[in-house]
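> test case, fold it:
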Amino acid sequence: MIDTGFFKWVWRFNALLIAAAATVILGVLIWELTRDLRTQTFPRATTDTLALSPTDTPEPLGSEPQQTLRLGNALPNNTPGTYALPLYAEQTYTNRRISKDSRGNLLNYLIVRTDPQAHHWLFPKGERLIIETRPLVFHQSNAAQTRLGQLLEVIEADTSGDARLSRQDTRTLYLTSPEWDTPVQIISGVSSVLAVQPVGPTSFDLIVMIAGTHRPCACQRPQRVLCPVKRWTVATSYCFSNVMRTSPISTPYFFI
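Residues are numbered from 1 along each chain as shown. Okay, here's the model as predicted:
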């Protein structure tokens, strides 16, 4: 029988098809098995992450974010006639060629007063991310409570260089009065807050992490802040001034 080599080519072609199919199946299996790992490493849905406009970054890493703003329910408040309404942003954007959704990003507070009927934004217009709002309450021995105000952790700059404001960036701490008056900056360059403890009707202790080192701080309102670190940016006065009130309440919020 004369062997023309035809069947050899058929067998080789079949072997190539089988190898290609096995490679595809193996790739699909690996893709499915690593789904959870990829989701954790490169999450598509995030919170406390605010994408910046490409024009605001030295080297654009993504497209212009599509953003929707909304007001949330007022925070619990023991000050009659004063209400703090959080302003949230929901975004869809592309970062490093990955499409992402970010929801529940707190940008600012709308402070509403019913007597007189007026309102104002807690912070000036601008791109920032509020990641923590801590009510400071001193509990006295007779079960009475004294409210010192609110301590806010705010991300104001992209220090990680990823074209986003997130918990990866350093933060600035602000203190506002119980009536939500103009916030006063306490300290900047903070990577994390380790402890906050009211120790008196007008004072609280604070421990923060800066550049890998924990730093204690004794804070006194309204007199002064005592911090044994010269390079800290601290406020020397907690005088809460009256804020300018505007109307009507439907005034929109814009970034500048």
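
> burial count for residue 160?
Residues within reach of residue 160, counting by other CB atoms under 10 Å, total 14. Every residue, glycine included, has its C-beta placed from N, CA and C.

> residues touching it, list them.
With contacts taken as CB atoms under 8 Å, 6 or more residues apart in numbering, residue 160 has the following neighbours: 166, 168-169.

> tell me which of the residues you listed is nearest to residue 204?
Here the nearest of these to residue 204, counting by CB to CB, is residue 169; it sits at 24.4 Å.

> helices and strands of this protein: which one has the lowest mean pLDDT?
When the helices and strands of the chain are compared on mean pLDDT, DSSP states H and E, strand 225-226 comes out lowest with a mean of 44.

> can I assume residue 22 sits in a strand?
No - note on residue 22: no strand contains this position according to DSSP: H, G, I helix; E, B strand; the rest coil, which reports helix.

> which residue is the nearest non-sequential neighbour of the most centrally placed residue in the chain?
Centroid check for the chain by CA atoms, centre = their mean gives residue 48 as the closest residue, at 3.6 Å. Using CB to CB, 6 or more residues apart in numbering and skipping the chain neighbours, the partner closest in space to residue 48 is residue 131 (5.3 Å).

> run a quick check on the one you found versus residue 165, I expect a contact.
No - with the criterion set as CB atoms under 8 Å, residue 131 and residue 165 do not qualify as a contacting pair; they are 9.1 Å apart.

> overlap in contacts, the two.
Residues touching both residue 131 and residue 165 (CB under 8 Å, 6+ apart): residue 155.

> which SSE is residue 30 in?
Assigning secondary structure by DSSP states H and E places residue 30 in helix 6-33.
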